[in-house]
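Student: When you get a sec, could you give me coordinates for this:
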Amino acid sequence: MQLAIFTLLDEPRPPLAKPMDGVPNAYELNLVSDDVTIWYTITLHDGVEVITVQVVRPNF
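Tutor: The predicted structure follows:
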């Protein structure tokens, strides 16, 4: 899980992340190798992108 978060820090909008319909700057990222799905948002604060992880769920 920690590796997934560090991956988002390097690339907040990886090609596999799907934008969520109706929610601006919200993404769903299914990490098959870690067997989890992450829902997160990206906002700007003082010119810096801030990533807020909303939900992390194991893939069943």
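
Student: CA atoms for contacts and neighbours, from now on please.
Tutor: Fine.

Student: Could you check how far the spatially closest residue to Thr41 that is not a sequence neighbour is from Lys18?
Tutor: In this structure, Thr41 finds its nearest non-sequential neighbour in Ala26, 4.2 Å apart by Cα to Cα, 6 or more residues apart in numbering. With distances taken as Cα to Cα, to the nearest Å, Ala26 is found 8 Å from Lys18.

Student: What of Tyr27?
Tutor: 5 Å.

Student: who's more crowded, those two?
Tutor: Set Tyr27 next to Lys18 and count neighbours by other Cα atoms under 10 Å: Tyr27 wins out with 23 against 14.

Student: Run through the bridge partners of the residue nearest the centre of the chain.
Tutor: The centre of the chain sits closest to Tyr40, judged by Cα atoms, centre = their mean, with a distance of 4.2 Å. Note on Tyr40: beta-bridge partners Tyr27, Val53, judged by DSSP bridges.

Student: Any idea how many residues pack against Leu16?
Tutor: For Leu16, using other Cα under 10 Å, the count is 11.
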